[in-house]
Structure formats: C-alpha cells, structure tokens
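> Sequence and predicted structure below; questions after.
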Amino acid sequence: MKRVISLWLPKFATDRLCRLRQDWLDSPLGLVDDAGGRLILHAVNAAAEQAGIRAGMTLADARAILPELCTSEADPEAETRTLSRLSDWCGRFSPWTAPDEDSSGTSFAGAGSIWLDVTGCAHLFGGEEALMRDIIDRLAGLGFTAFGAIADTPGAAWAAARYTSYKRRRWTTIRKGQVRDTIASMPIAGLRLAPATVAGLQAVGLRRIGDL
C-alpha cells in the first residue's frame, strides 16, 4: 500500500530569510510585495503574528500596530528555488520527492510544502514514527518550522499536516486503512477546495469532511 508524506512549512518564506539574516531570528518580520502600488505583507513570522500582524495587511496598517516591524522585499523566485533545493535534500529519506507548488507561495502566506512518497522506505529509518521524527527534527535544525503527516493518500496527508499536526503535535501518522475515519472530523478546507466552494458549503451547514 502506498504511503505518502506531506510536509508543511507554514513560515517557509520568513524562515528562509532568517537563515540569511540571523539578527532577525527573534524580531517581528514581514516580507513586503508591491500590489499595484500598495505595499502588502506577503508573509510574516511568528513574532509578528503574536503582535497582531497578519499576511495580507498593508504595510501602513502593520506599521501602525507595530512600528518596529522589520521588513524585507518578498522574493518569490528565490523562495521557489529554495523549496526545490529543500525537496532535493529530502531525497535522503526517499527517492521520490517533489515541491508541492500548488500549496506554496504567496497564496499561502509564504508557506512551503513538499511531497515524499515513502512507500517501502520507513523500515530503513526504524518505522514511520522514527522517520517522521527524523525529518521534522532535521528541518528544525536547518531553521525551518515544519509539520508533517503520513497517510495512504496524498490528500489525507495534506489535510492531516495542516489540520491535525499543526494544532496538536509536529507530525501525524494515519494508520493504513484508517484514512476515512481520521479525516472525517477535519474542516472541509482539508479537501483542498477553492475558498468560494468552502464558503458555500459552510453556508449550508457542511463544515466537516464527514458531513459530505
């Protein structure tokens, strides 16, 4: 049976920059993009979020809340290159890795995502729990905040990494054959639907995957 890992790096863009600027590690940071003459925050780090700053804010609004906010110009091309290199780095865990470009970048507040097909690989690392621990710990050692999930299907792993691991622990293992029961309680956004579709389903009372 296939086993797939979805890695989610919710602060990928700011983590990438802080690896280059160590003096910003503990400072509130926002990456700025020019959107038709308006300076918009492309991504923010955890310190900025704790101060009430969110991706999508204008720089003017963010500075009104937090004048000491550190800023740098967003560089989506550099982020894409770094994500691709990080995907290659994951090749130490599986020969089948790829950047999840559909779940990375500006539309996801500077987050990054990577796929690993680890079918038949986990026993080489002491089992799935040990494999997940090794991956997440090594990414943390590289300076990247990471969450992950392993499941029978890419969709289940994607949802669990964002709606289970992020809330409770750094990684989640969905046992073989337990995908349906595990994802039933997750928000319908875990199905990777368009925001308008999610809003429409919620409007008629369908909020969890199990409701569908």
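Now that the structure is in, tell me what you want to look at.

> mind listing the helices in the chain by residue range?
12-20, 46-50, 59-65, 76-89, 128-141, 154-160, 166-168, 179-183, 195-203 (DSSP state H).

> In this structure Ala157 contacts Ile150, no?
Yes. Look at Ala157 against Ile150 with C-beta atoms under 8 Å: they come within range, at 6.0 Å. Where you see a C-beta, it was placed from the backbone N, CA and C, and this is true even at glycine.

> shared neighbours of these two, which are they?
4-5, 174 (C-beta atoms under 8 Å, 6 or more residues apart in numbering).

> how about the residues you listed in CSV, adding neighbour count and pLDDT?
Output for the shared contacts of Ala157 and Ile150, formatted as CSV (neighbours: other C-beta atoms under 10 Å; pLDDT from 0 to 100):
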residue, neighbour count, pLDDT
Val4, 21, 96
Ile5, 29, 97
Ile174, 23, 91
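
> Keep only those of those that are in strands.
With DSSP state E as the criterion, strands contain 4-5 from among the shared contacts of Ala157 and Ile150.

> ok, the shared contacts of Ala157 and Ile150 vs Phe125, which is closest?
Ile5 (11.7 Å; C-beta to C-beta).

> got a list of contacts for stretch 30-44?
Contacts for stretch 30-44 (C-beta under 8 Å, 6+ apart): 11, 13-14, 17, 28-29, 45, 48, 53-60, 62, 69-76, 106, 109-111.

> Could you rerun that using 7 Å?
Outside of stretch 30-44, the residues within contact range by C-beta atoms under 7 Å, 6 or more residues apart in numbering are 13-14, 17, 29, 48, 53-59, 62, 69, 71-74, 106, 109-110.

> Report the buried members of these.
Buried members of those, counted by 16 or more other C-beta atoms under 10 Å: 13-14, 17, 29, 48, 53, 55, 57, 59, 62, 69, 71-72, 74, 106, 109-110.

> middle-most residue in the chain, spatially?
Per C-alpha atoms, centre = their mean, the C-alpha nearest to the average position across the chain is that of Trp8, at 3.0 Å.
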